[in-house]
Structure formats: structure tokens, C-alpha cells
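Undergrad: Here is a sequence together with a model predicted from it:
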Amino acid sequence: MNTFYVTTPIYYANSLPHLGHLYTMIVADTIARAKKQRGIERYFLTGTDEHGINIERAAEKAGRTPKEQTDYVVSYFKKMTAEFGLDTAHGGYDIFMRTTEPFHYQGVSEFWRRIANAKTPKGNDAIYKGHYEGWFCAPCAEYKTEDEYQKPKNPGDPPTCLIHDTPLDRVSEESYFFRLSDYDQALLALYETQPEFVRPESRRNEVMSFVAGGLQDLSVSRPRASVSWGIPVPNDPTHTMYVWFEALTNYITAIGFGNEEREKVAGFEKYWPALHLVGKDILRFHAVYWPAFLLAAGVELPRAVVAHGMWLDPNGRKMSKTLGNTIELDVLDRYFPTDGIRYFCLREMVFGQDGRFGYESLIDRTNSDLASGLGNLSSRTLTMIARYCEGQIPSGQIPEDKLLLAKRAGVDTDETTVAGFVENARVLFLQQFDLFAFSRALEAAWAVVARIDKMITDAKPWDLAKDETQKQTLGAVLYRSAEALRWLAVLLFPVMPAASNELWRQLGLSASPATVDPAGLKWGELKEGTATGEVKPIFPRLDKTKIMSEINESAKASGVHATEADAVSGAATQAAEPPPPMTHATEADAVGVTSFIEIGDFAKVELRVGEVLSAERVPKSDKLLLMKIDIGEPTPRQVLAGIAEYYAPEKVLGRKVVLVANLKPRKLRGFESQGMVVAASFGEEGRPVLATFTEDVPNGARLK
Ligand code: MSP
């Protein structure tokens, strides 16, 4: 049997989880569901990392014992994972791993013993006893070298952690060391021979240069007198294992390494090696230390370590409790449908890079892509099937003698055109999905939404319905739409399980898309005559004003600022690319116009109607779209616009747009931009919406 094991990091059980933690779980859950859908027996692990000095301290502060503290955090974790449909009961994780489980103690002890008996590739003992002298960050659970801390302002004070801004602990004590320095060649050989081991490529390079720079031996224990909340070192109970050594090992103890009972429940033999999903912040532990430990213990290495970027706030700042800009799970849970959050997380973050998360953008995307996009397509299709076809899936065939009529109505009589489009989208979707490029995969799915929407708008089924002779044409249009929706329900199931199930039900299909392999979908298998279900909005529109004012009110009440408006202005933003050649009027401009211009000033701007003839992404840029736009001149204009994050190339093809035609050309990323496309801009990150026309206008017409 084909198996697949996917893991998230196990989260520190010192404080309550937030969006960052939820995100990795969503990605892992999506991958796990996709595997299951394809008939692969998958195992999905998430859980909590419960030992170490930081947990001890958090517990003390809260007036609890460490176990009480971790039980408290775990109960919140479990409640939230259930709310978000990520628990076992909802088809999510297969184990919520806790490092306080007795089988973990047993497995880790076995792992330690194996390493303690091993020789390094250079023939030395893999573990030795020595003395550690240095600085330790409890929240990172990591020793810090000089370039990893901030020197104190006053001599005598401890340095501070560059990540947490908290004072480091001075450590001068006996310690067991893992001889990491002997593993550099073995690790480099691993990255060379298995280029897919660390992904994405940029992270692999990072890891390789870290290792190539030379590795230091790693302290893997603390005296019990300094840290008592942890697992004792076998044969030396005066030492507690270093929490990372022990935590990383959870990935194998969870499935039965070193414990026969557990092996029977899950199966180390069956599932190992795993694919580890991690945030880039903890890549070194997973891509350097962990494989070195495994090499020493003689255990097979993981399948891969895949690192994602971090969620920043709308201003591009790191999320932190101190800044008060974290996205809290209970707020998400209260105001937003889970599938919308899942969709947003996967669509908005280009996997591997950092992304920005704001409630306003979440609402905007939910409303545009889900409520107005997929949701509207499904409700208009199913409502028309209910109204015009007695609630039964019509035939997709147009009989010979009706082909001419269909053509006259502007309907493509060749069903394979639309089927081919949907089939290509499936190929692209699956390719991108398997490369962890979820955002691109979803774009491919939304190209189908746009294509089918256009097919309906062009065919005007409401007009066809008035003409009895066009009954089959009408049926064929609605069939194509319903069949495309069936495909979408299958493709999107791993991303949006609840919505896809609901769409499935409304299409009148039995069981669930959960086990329909997308690769096996065949166009035309939606059966004529299937009775469709009751039509309900799959994604109700979110009331932005209401939700935002409630979130802001409760944030004010709790002293936390949650939105950009509340946040400190002027904070450093991380501009990955030069600003795109598109300046949109902002909401603020629209609200408070303070100075007027003369009509002559406006006349200086030459605005022309254009039609997008071609569009493609600019290589190595997530934001830029390169378009050829016909504005009635002998040759089309080449224009760059910073809209690629919101508009897939297919989405703008054939669209009428407004172009600032007399803007001085400028070069960006090696391409000359001969004009600027006009768009509205709204939300925290200035989401663009292209200006367009609802009536026919010839290319080149001037706007005055
Ligand atoms: N306990 C260790 C991991 C041990 S794994 C053997 C740990 N825990 S943690 O609670 O700090 O969680 C770290 C992980 O949470 C990150 O690697 C990432 O997966 C997720 N995230 C936490 N904050 C995040 C963001 N702001 N954005 C995205 N993910 C982030 O490290």
C-alpha cells in the first residue's frame, strides 16, 4: 500500500496558538486530504512540544505545574483544531502528539542510546561529555553565538535575543555534546544527492551554505539542577535531554520507534520517512540537526523538509504578542468560515515566501473569490437548473438538428473546447499543488470559474429559456457549467472540504469528493437526470463594515490593536520588489479630497480604452503582469501592471481596460512599460480592481 506521512512542527505548549500555528496545520491538512483523495494511506501528525525551561517558566508565572500548563494549552489546541475541522473527527490529524506521552519517553531514550553507542563518519564517539559555556535563549530553546544576540547597552547586563528581544541566560555547566562537526560532509552529500531534501530551492542554498561554513558540536543536555522538566538522559539521570533533541524525535516515536505498542497503533515501518512541513524559522533544526541525529542513530532520513514563509501583519511587521498584532484563533473562528480562512492562507501566501495577513484582506478575498466567484457561479448554475430544467441535470448534448440554432445563439457547439480548458486546468492545478505552489494551483482553478462565468454570460441562458427551440442549447450550457463545478468540487476538496462537500450535495451527487481521485475525473461523467439538491449560498458574503467594527471594538476593549489603522504607522515594510507601475487612488484619497484641480490639469492625462491581447507573468516576480494592450494604434502597447497577485493572466485576457496612454515609458525588470492600467485600490494592501466598462466601447476611445 502506498503511504504518506506528513508532519507539522510540534508547538510549544507555553502559550496559546495563533494564526502562524494554524497555518502549518492547514497546509499539512490540505496535503493529507489530497493524498487520501488519491487513494494513498496517509498519516498526519501535529502536536505539542511540552518540555524545557521555557514551559517551566510559563507554568510558574501562571501558578501552575508544568503538566497543568501544558494540559491547559493542549485543551485549547484541541478545541481550536476541532473548531477549524483539523482534528481526527473531521478527517484531519491522525495523531495529536504530546511529548509528555510515556511512549515518547521510551522511544527517545532508545534513540539516545543508539546515538550514544554510535561512531561518527570520522570514527569518533557521536556523543561525549564536556563543559558548556555560553548564552541560551529560553523561548528559542537555543544557544546563541555572538552574531545571534544583541550586546547589552550596560556592561554586566546579559545580551538579548535578536528574535525575542528578551535577556539570554548565562550557561556554564557540564553537558553532553553531539559531535555535529563530524557530520558536515555527510550532510552536504545529502543535499547534493537529494536536491529535493530541502525545499524550496532558496532554503536549500541557505542550509548548504550554513553547513559548508562549518558546524559546531551541539550541547544536547542540561544538568537536571538547571532544567528538571524534561526527559532524563539514559544512564545519567543528573542530566535532562536538550528539548530540541527530544522534540525532533517525536516524529518517529509518534509512529512507534522504540515502542512496540505504538508501532502496532500507527506503524513506524509503514509510514516512515515523513515529509516535514516547517516555518523557515526552524529550518536549521530540521534540515541540519535532525538528519545528523538520524544518521548517527542509523535511522532512515526524512523524505523532505519543506519550509514556508512567515505571516506578517498588513504593514509587513512580524507578528508578535508584544506588538499586539497577532491574529488570534478565537477571532478568526468567531467571524470567518473555516474554508475561507483555508482558502485565504493558501491563495494569499506564495508558498516559501512571507505573506501578509489582515482581516480586511481576508474579508475582501472571501467576498470576491468565494462569494462572488465560485459561490455565485454555483448558485447561478444550480438556480437555473432548478428553474429551467426541473431541478435535474440536463443533457450536455446538442442534437444535430439544433446545432445551427445553438451557433446562432453564440454557443460553442463543440463541447470539447470547454472540456479541454477544464482538463488543462486540472493538469496545472495538480502540478502546482504537488510543488507546494498552492497559490498558483488555486489560480488555475479560478481560471475555470472565470471561463465558465464568461460562457454563461455570453450564452445568456435566461434568453435561451424564452425560446422552446433552444431548450437543448440551454441544457448544454448548464450541463457544462455543472460538470465544471463537479470537477472544481473534487480539485478543491483538500483546500475547502466543507464547501466542496456542500457543492457536491447541491449537484445531487452521493458520497463525497473526499475519495474521488482528481486524476481520474472524466468529462461527461455527471449523469443527465441527476436530481440536484436544495440551492444555498456556499459562501455567504461577509459584511466588512460590521465585522471590522466589531473586531476593532473588541480589540480596543482588550487593549490589542488588530488592524492596520490601529497599528503604529511608519513601521518597516518589506518591499520585495520595486513598486509596480500602477498607482491607484487610495480609499483615503477618495474620502478626503482636500484640493481641486482645473479641468486643464485633468485634460493632460490621456486615458484610453484598451483591450488586453496577451498577458503573462514576469519571471521571478509575483506582482507583475506583462500585457499587450490594443488601444487602437497600429501596434499594441506593452504594459506592466502590479496586479499579478490578484489577476491570473487568463483572467485579464480579452478584458477592456483603461490605460493612461501618455505616461512617460519606464523600464521594470528589463521590460519597458508603455502606459499604466487604471485600477481601484482598496483594503490594507491596496488590492487592485481593474476599471472596466459594462457596455461595448471601441479600443482607443478616449475617456474625458
Ligand atoms: N516547538 C518548536 C518546534 C519543534 S518541532 C520538532 C517550535 N514551536 S513554535 O510554537 O514556536 O512553533 C513554530 C512553528 O509555528 C513555525 O515553524 C511555524 O510552523 C509556525 N509559526 C509560528 N509563527 C508563525 C508565523 N507568524 N507565520 C507562519 N508560521 C509561523 O518552534
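TA: Perfect, thanks for sending it.

Undergrad: Could you check how many residues crowd around whichever residue of the chain sits closest to the ligand?
TA: Here the residue of the chain nearest the ligand is Gly20; by CB to the nearest ligand atom that distance is 2.1 Å. (C-beta placed from N, C-alpha, C; glycine too.) Other residues near Gly20 come to 18 when the count uses other CB atoms under 10 Å.

Undergrad: Assign it to helix, strand or coil.
TA: Taking DSSP: H, G, I helix; E, B strand; the rest coil as the rule, one finds Gly20 in the helix state.

Undergrad: Return the per-residue confidence for it.
TA: At Gly20, the model reports a pLDDT of 93.

Undergrad: Setting the sequence-adjacent residues aside, check what's closest to it.
TA: Excluding the flanking residues, the one nearest Gly20 by CB to CB, 6 or more residues apart in numbering is Trp311, at 5.6 Å.

Undergrad: is it true that that neighbour touches Arg356?
TA: Yes: with contacts counted by CB atoms under 8 Å, Trp311 reaches Arg356, the gap being 7.3 Å.

Undergrad: which residues sit in contact with the residue of the chain closest to the ligand?
TA: By CB atoms under 8 Å, 6 or more residues apart in numbering, the residues touching Gly20 are Gly279, Met310, Trp311, Met319, Thr326.

Undergrad: Secondary structure of the last one: a strand, I assume?
TA: Same thing as Thr326. No: assigned with three-state DSSP, Thr326 falls outside any strand and is coil.

Undergrad: Next, count neighbours for Lys556.
TA: By other CB under 10 Å, 12 other residues sit near Lys556.

Undergrad: And it, how far from Pro314?
TA: Applying CB to CB, to the nearest Å, the value for Lys556 to Pro314 is 18 Å.

Undergrad: what's the answer for Glu101, then?
TA: Distance of Glu101 to Pro314, computed by CB to CB: 39 Å.

Undergrad: next one: Ile282
TA: In terms of CB to CB, Ile282 sits 24 Å off from Pro314.

Undergrad: is it true that Val108 touches Val233?
TA: No: here Val108 does not reach Val233: they are 10.1 Å apart, not a contact under CB under 8 Å.

Undergrad: list the residues that contact both of the two?
TA: Residues touching both Val108 and Val233 (CB under 8 Å, 6+ apart) are Met241.

Undergrad: follow-up on the earlier one: which residues does the residue nearest to Gly20 form a beta bridge with?
TA: Taking DSSP bridges as the rule, Trp311 bridges to Gly355.

Undergrad: what sits against it?
TA: Listed by CB under 8 Å, 6+ apart, the contact partners of Trp311 are Leu19, Gly20, Tyr23, Met319, Ile327, Met349, Asp354, Gly355, Arg356, Phe357.

Undergrad: Just the buried residues from those, in ChimeraX please.
TA: For the buried members of those, the matching ChimeraX selection, counting by 16 or more other CB atoms under 10 Å, is:
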select :19,20,23,319,327,349,354,355,356,357
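
Undergrad: Farthest pair within the contacts of Trp311?
TA: Ile327 and Asp354 (14.3 Å; CB to CB).

Undergrad: Quick check: closest non-adjacent residue to Glu483.
TA: Leu526 (4.6 Å).

Undergrad: Repeat that for Gly107.
TA: Per CB to CB, 6+ apart, closest to Gly107 is Thr253, 3.0 Å.

Undergrad: show me the contacts for the one you found.
TA: Residues in contact with Thr253 (CB under 8 Å, 6+ apart) are Glu101, Phe103, His104, Gln106, Gly107, Val108, Phe111, Asn259, Arg262.

Undergrad: Out of the residues you listed, name the ones that lie in helices.
TA: Phe103, His104, Gln106, Gly107, Val108, Phe111, Arg262 (DSSP state H).

Undergrad: between these, which has the most around it?
TA: His104 (27 neighbours).

Undergrad: Need phi/psi at the residue nearest to it when sequence neighbours are not counted.
TA: Closest residue to His104 apart from its sequence neighbours, by CB to CB, 6+ apart: Thr253 at 4.6 Å. When read as degrees, to the nearest 10, the backbone of Thr253 gives phi -70, psi -30.

Undergrad: For the chain, what lies in contact range of the ligand?
TA: By the rule CB under 6 Å from any ligand atom, the part of the chain lying against the ligand is 9-12, 20-21, 23-24, 49, 247-248, 278-279, 281-282, 310-311, 319.

Undergrad: if you set the cut-off to 5 Å instead, what comes out?
TA: Counting by CB under 5 Å from any ligand atom, the positions of the chain adjacent to the ligand are 9-12, 20-21, 23-24, 49, 247-248, 278-279, 282, 310-311, 319.

Undergrad: can you tell me which of those are in strands?
TA: Pro9, Ile10, Tyr11, Tyr12, Asp49, Val278, Gly279, Trp311 (DSSP state E).

Undergrad: Would you reformat those residues as JSON lines and include distance to Asp364 and pLDDT?
TA: Supplementary listing: those in JSON lines, determined by distance: CB to CB, whole Å; pLDDT from 0 to 100:
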{"residue": "Pro9", "distance to Asp364": "30", "pLDDT": "98"}
{"residue": "Ile10", "distance to Asp364": "34", "pLDDT": "98"}
{"residue": "Tyr11", "distance to Asp364": "29", "pLDDT": "96"}
{"residue": "Tyr12", "distance to Asp364": "32", "pLDDT": "94"}
{"residue": "Asp49", "distance to Asp364": "35", "pLDDT": "97"}
{"residue": "Val278", "distance to Asp364": "29", "pLDDT": "98"}
{"residue": "Gly279", "distance to Asp364": "25", "pLDDT": "96"}
{"residue": "Trp311", "distance to Asp364": "17", "pLDDT": "95"}
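
Undergrad: Pull the most distant pair out of the residues you listed.
TA: Using CB to CB, these reach their maximum pairwise distance at Asp49 and Trp311, which is 19.9 Å.

Undergrad: one step back: Glu101 and Pro314 - which one has more neighbours?
TA: Between Glu101 and Pro314, counted using other CB under 10 Å, Pro314 has the larger neighbour count: 21 against 18.

Undergrad: Shouldn't that one be within a strand?
TA: No: note on Pro314: no strand contains this position according to three-state DSSP, which reports coil.

Undergrad: so where is the stretch 451-600 of the chain shaky, pLDDT-wise?
TA: 558-597 (pLDDT under 70).

Undergrad: Please give me every residue in contact with the residue nearest to Glu483.
TA: Ile393, Gly396, Tyr479, Ala482, Glu483, Arg486, Leu507, Leu509.

Undergrad: Among the residues you listed, which one sits closest to Val422?
TA: Distance to Val422 across these (CB to CB) is lowest for Glu483, with 7.8 Å.

Undergrad: burial count for that closest one?
TA: 24.

Undergrad: One more: Leu301?
TA: Residues near Leu301, counting by other CB under 10 Å, number 17.

Undergrad: and the residue nearest to Lys407 when sequence neighbours are not counted, how far is that from Ala406?
TA: Distance criterion CB to CB, 6+ apart; nearest residue to Lys407, sequence neighbours excluded, is Thr413 at 5.8 Å. From Thr413 across to Ala406, the span is 5 Å (CB to CB).

Undergrad: higher neighbour count, those two?
TA: Higher neighbour count among Thr413 and Ala406: Ala406, with 21 against 15, using other CB under 10 Å.

Undergrad: quick one, what contacts that one?
TA: Contacts for Ala406 (CB under 8 Å, 6+ apart) come out as Ile398, Thr413, Gln470, Gln472, Thr473, Ala476.
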